[in-house]
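Q: Structure for the following, please:
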Amino acid sequence: MKEVSVIPLYCPKCGAQLPDDAIFCMKCGVRISASPAPQAPLTPVIASLEAKSLTCPHCGAPITPKFGEMIISCEYCGTAVVLESEGWRGIHKQTMLPLKLAERDKVVTEIRSLMDRGLLHRHLYEGSTLEEMNLSFVPYWIVSVSARTSIIASDIAVQAGEIATTAALFGIMGSAMSGRRRGVGIAGPILAGAMLGTTMGPSQAGAKRAYQMDNNYNLAIVAVKAFNEYQPKSYQFNLHERMLFDISKIPKGVKILNGDVGEESAKYQAKTLADQLQSEKAHAQYHMIQQLHTDVDIAETELLYAPIWFAQYDHKGNKIILIIDGNSGGVINSIGL
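A: This next block holds a predicted model:
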C-alpha cells in the first residue's frame, strides 16, 4: 500500500505546530479553521509572516530567524526556507559549490600574487597589513536570463567608404580640371577632396542599420544585503560543478550565511544587470548608436551557496578588499587595487 504523506498543520499567527484536527491554537488561542479537513496547497506554507519561529520542513528541527532575514538554512540538515508573501516555504532548487581552496596559506599566496601584479603594484603586498580574513558559504540567487537587444546605429564602415570614395573622386576631378595650370600637384587636389569629403558629415554619408543582439546569462545575485557592495557584475561561477546542498560537505567552523534578499528582488536586479551588460556590449560592438532597446526574460532561479573568502588589507590608510571564490580561486571583486 502506498504511503500517504501528511502535511503538518501550523498556527497562522504564532507558528506553533498543531494536531491535524485542531480548530484552535493551544498556544495563542487563535481559531484555525471551522473545518479541520486539511487541503494540500500547491506550495506548502510552513508558517505565516507573523511567525517568530518555525520548524524545519525536512528534519523538524527548530529554526529561529533573525530580524530582516528572508532565507534561513537549517543548522541541522541544511534545508533552506524562504519568506515570501504566502509565508515560509521550502526552497526546492538549492545547490552548493564544493570548497577547493580551503587552506588559508594558499589563499594568502593567491592574494599576494594578485596584489603585486604589475609595476604599479610592486611590493604592494609587503606594505599592507591584513586586518580581516574569513571563509563562509554565501547564498547567491542564480537567475537564468535571456536578453534580446534591438539596435539602430550608423554603419561606420559604409560611411567611411563613401567619404573616402567621394574624396578620391573630388581629388581626381580637381586634378583633371586644374590641368596643373597653376602648379597644383596631385596631392593637393586629393587632399582638398578628402577635406571636402570629411565635411559632408554623417547626415549625408552615413547609413542607418538595424541590428539585433541575443545573449543568455546565468547571473549571480548576492542574497545578503551586507554584500551588495561586492555584487559581481558578470562573474560566472563554475555551475557545472554545483551539487545538491549537503550540510555534511561544509567544513566544521565554516559559517553558512542566511540571506535577506528575496527571489523577486533578485529577479529585478538581474533584469537591470542584464540590460546594463547588453548596453555595454552594444556600445563596444557598434558606433554612433541612435536607438537601443532590450527585452529581458527570466527563465528560472535557484539558490546557490558558494564558498567565499573575504580579505581586507590596510595600505597606508587605504582599504584593499578582495572577494575570492573558494571553489575556483577566481577573484569575484577587488576594491582598492
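Q: What number of residues are in the vicinity of the closest residue to Lys319 other than its chain neighbours?
A: Among residues not flanking Lys319 along the chain, Gly336 sits closest, at 5.4 Å (CB to CB, 6 or more residues apart in numbering). No exception for glycine: its C-beta is placed from N, CA and C like everyone else's. Using other CB atoms under 10 Å, Gly336 is surrounded by 15 other residues.
Q: Kindly report the same for Ser73.
A: Ser73: 26 neighbours (other CB under 10 Å).
Q: partner residues bridging it?
A: In this structure, Ser73 bridges to Ala80 when assessed by DSSP bridges.
Q: Roughly how far does it sit from Ala80?
A: 5 Å (CB to CB, to the nearest Å).
Q: Repeat that for Asp105.
A: For Asp105, the distance to Ala80 - CB to CB - is 32 Å.
Q: Looking at those two, which is more packed in?
A: The residue with more neighbours, out of Asp105 and Ala80, is Ala80; 23 against 7, by other CB under 10 Å.
Q: From what I see, the more buried one and Ile71 are in contact.
A: Yes - taking contacts as CB atoms under 8 Å, Ala80 lies within contact range of Ile71: 6.0 Å.
Q: Identify the contacts common to the two.
A: Common neighbours of Ala80 and Ile71, using CB atoms under 8 Å, 6 or more residues apart in numbering, are 91, 139, 303.
Q: Among these, which one is most surrounded by other residues?
A: Pro139 (25 neighbours).
Q: Now do the SS call for that residue.
A: strand (DSSP: H, G, I helix; E, B strand; the rest coil).
Q: From Val145, how far off is it?
A: From Pro139 to Val145 the distance is 19 Å (CB to CB).
Q: try Gln212
A: 17 Å.
Q: More neighbours: these two, which one.
A: Neighbours per residue (other CB under 10 Å) separate Gln212 from Val145, with Val145 holding more: 23 against 8.
Q: For beta bridges, what are the partners of that one?
A: Note on Val145: beta-bridge partners by DSSP bridges are Tyr217, Ile298.
Q: from what I can see it touches Thr301, true?
A: No - using CB under 8 Å, Val145 makes no contact with Thr301, being 9.8 Å away.
Q: Could you list which residues are in contact with the residue lying closest to Ser146 once chain neighbours are set aside?
A: Once flanking residues are discounted, Ser146 sits nearest to Asp297: 4.6 Å by CB to CB, 6+ apart. By CB under 8 Å, 6+ apart, Asp297 lies in contact with 145-147.
Q: can you check Ile323 too?
A: 230, 308-310, 331-334.
Q: does it have beta-bridge partners, and which?
A: With DSSP bridges as the rule, Ile323 is bridged to Phe310, Asn333.
Q: Next, work out how far apart it and Leu114 are.
A: Ile323 is 12 Å from Leu114, by CB to CB.
Q: Overlap in contacts, the two.
A: With CB under 8 Å, 6+ apart, Ile323 and Leu114 have common neighbours 331, 334.
Q: ok, back up a step: can you give me the separation between the residue nearest to Ser146 and Val143?
A: 11 Å.
Q: do the same with Lys100
A: 24 Å.
Q: ditto for Ala284
A: Distance of Ala284 to Val143, computed by CB to CB: 23 Å.
Q: which residues sit in contact with Trp141?
A: Taking CB under 8 Å, 6+ apart, one finds 220-221, 223, 261, 263, 266-267, 270, 301-304 in contact with Trp141.
Q: Out of those, name the ones that lie in strands.
A: 220-221, 301-304 (DSSP state E).
Q: Only whichever of those are buried, select them in ChimeraX.
A: To isolate the buried ones among the ones in strands among the contacts of Trp141 in ChimeraX, judged by 16 or more other CB atoms under 10 Å, type:
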select :220,221,301,302,303,304
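Q: TSV for the ones in strands among the contacts of Trp141, including pLDDT and distance to Asn327?
A: Shown next, in TSV, are the ones in strands among the contacts of Trp141 (pLDDT from 0 to 100; distance: CB to CB, whole Å):
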residue	pLDDT	distance to Asn327
Ala220	96	12
Ile221	96	17
Thr301	90	20
Glu302	91	16
Leu303	92	16
Leu304	95	10
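Q: Identify, from the ones in strands among the contacts of Trp141, the entry nearest to Cys25.
A: Using CB to CB, Leu303 is the member of the ones in strands among the contacts of Trp141 that sits closest to Cys25, with 30.9 Å.
Q: I'd like to know how far that closest one sits from Pro232.
A: 16 Å.
Q: Quick check on Ala284 and Val143: which one has the bigger neighbour count.
A: The neighbour comparison of Ala284 against Val143 (other CB under 10 Å) goes to Val143, with 24 against 8.
Q: Show me the domain layout of this protein.
A: Listed by automatic domain parsing, the domain ranges of the chain are 1-91, 104-149+212-335, 156-206.
Q: Low-confidence ranges, the stretch 101-250 of the chain, go.
A: 118-122, 156-206 (pLDDT under 70).
Q: which one of the contacts of Asp297 sits closest to Leu239?
A: For the contacts of Asp297, the nearest to Leu239 is Val145 (13.7 Å; CB to CB).
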